[in-house]
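Asker: Build me a model:
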Amino acid sequence: MTNPLKAKYLVLLAALACGGKKSDKTPTPEPTAPLPTAGLAGQRVALTPLSLVAAEDTLHLDVIIGDRRTTLDKCDSIIATLLTARAPEVTWVAPAELRHVARRAPGIAADPDQMGTPFLRAANIVDVPDPLRYQLRTLMGLVGGRYVLVPAGLVFRRTVGRSDGRGATAEVSFVLIDSRVGRIGWRTVARGDGDDPWTALTRAVKSLTPGLP
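Answerer: Numbering: from 1, shown residues only. The predicted structure follows:
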């Protein structure tokens, strides 16, 4: 007769053994979710400045992205130009205009470059905490709109699968915030590959609006 306690013990050991094995496969990243432009059509949507850019050491991009301010400005320009051209149904308020609005209301509106948005990359964040929630709501009251698209961070990684060991993959974390209720309604990581970081970033932003060349 089989001992039921022994049988359960053996099943438990087998389950633990299987659970302890680590997969050798690299996790497949989730596909980029298209920007929900249909729901934003005809509205003023603020595009906040990027404040975090990082790169894997193996890419040796220190010379290219070493000047933080120049790099951030170039990234902002690429993102804003592509979104304006590829999603013209939305009235985009670019980072430069946001800064202008904030400077006209000193002591009321926060500096868009100092709002600390990189933490929004965390996938478990749904409700935007204060003070960022208050800052965005105040800023959008001056801009005249409800939604804010935040590029919460850009990371350059070595492209997987290239035999020549060259190339970079740009990963941009985007979140769309309803400033009236302080909640994130959409998020994605846009990815793009290129022989240089700027081509990779361009392709990453283009992936937000599939169906266009």
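
Asker: Centroid-nearest residue for this protein?
Answerer: Per CA atoms, centre = their mean, the C-alpha nearest to the average position across the chain is that of Ser173, at 1.1 Å.

Asker: What segments of the protein are helices?
Answerer: 4-19, 37-40, 62-65, 68-86, 95-103, 132-143, 197-206 (DSSP state H).

Asker: For Ser77, give me its contacts.
Answerer: Listed by CB atoms under 8 Å, 6 or more residues apart in numbering, the contact set of Ser77 is empty. Placement of C-beta: from N, CA and C, glycine included.

Asker: ok so, going back, was I right to think the residue nearest to the centre of the chain contacts Ile184?
Answerer: No: counting by CB atoms under 8 Å, Ser173 stays clear of Ile184, with 11.2 Å between them.

Asker: Find residues that contact each of the two.
Answerer: Contacts common to Ser173 and Ile184, judged by CB under 8 Å, 6+ apart, are Leu120.

Asker: So what's the predicted local confidence for the residue nearest to Thr202 when sequence neighbours are not counted?
Answerer: Leaving aside its sequence neighbours, Thr202 sits nearest to Ile78 (CB to CB, 6 or more residues apart in numbering; 6.0 Å). Looking at Ile78, its pLDDT is 98.

Asker: Adjust the sequence numbering to begin at 50 for everything that follows.
Answerer: That works, and once the first residue is 50, the last one we named lands at Ile127.

Asker: how far away is Ile127 from Pro167?
Answerer: Going from Ile127 to Pro167 by CB to CB, to the nearest Å gives 18 Å.

Asker: now swap in Pro161 and tell me
Answerer: Taken as CB to CB, the span from Pro161 to Pro167 is 13 Å.

Asker: more crowded one of these two?
Answerer: The neighbour comparison of Pro161 against Pro167 (other CB atoms under 10 Å) goes to Pro161, with 24 against 18.

Asker: now the chain, which segments are flagged as low pLDDT?
Answerer: 50-76, 210-214 (pLDDT under 70).

Asker: how does it look with 90?
Answerer: 50-79, 107-115, 208-216, 262 (pLDDT under 90).

Asker: what's the closest non-adjacent residue to Ala154?
Answerer: Using CB to CB, 6+ apart, the closest residue to Ala154 is Leu191 (5.8 Å).

Asker: Check Thr248 too.
Answerer: Among residues not flanking Thr248 along the chain, Gly241 sits closest, at 7.8 Å (CB to CB, 6+ apart).

Asker: Could you count how many residues lie near the one you found?
Answerer: Gly241: 20 surrounding residues under other CB under 10 Å.

Asker: just Met189 next, same as before
Answerer: 24.

Asker: I figured it hits Ile226, correct?
Answerer: No: the criterion here is CB under 8 Å, and Met189 misses it with Ile226 at 9.3 Å.

Asker: okay, and the common contacts of those two?
Answerer: With CB under 8 Å, 6+ apart, Met189 and Ile226 have common neighbours Val197.

Asker: Next up, the contacts around Val175.
Answerer: 232-233.
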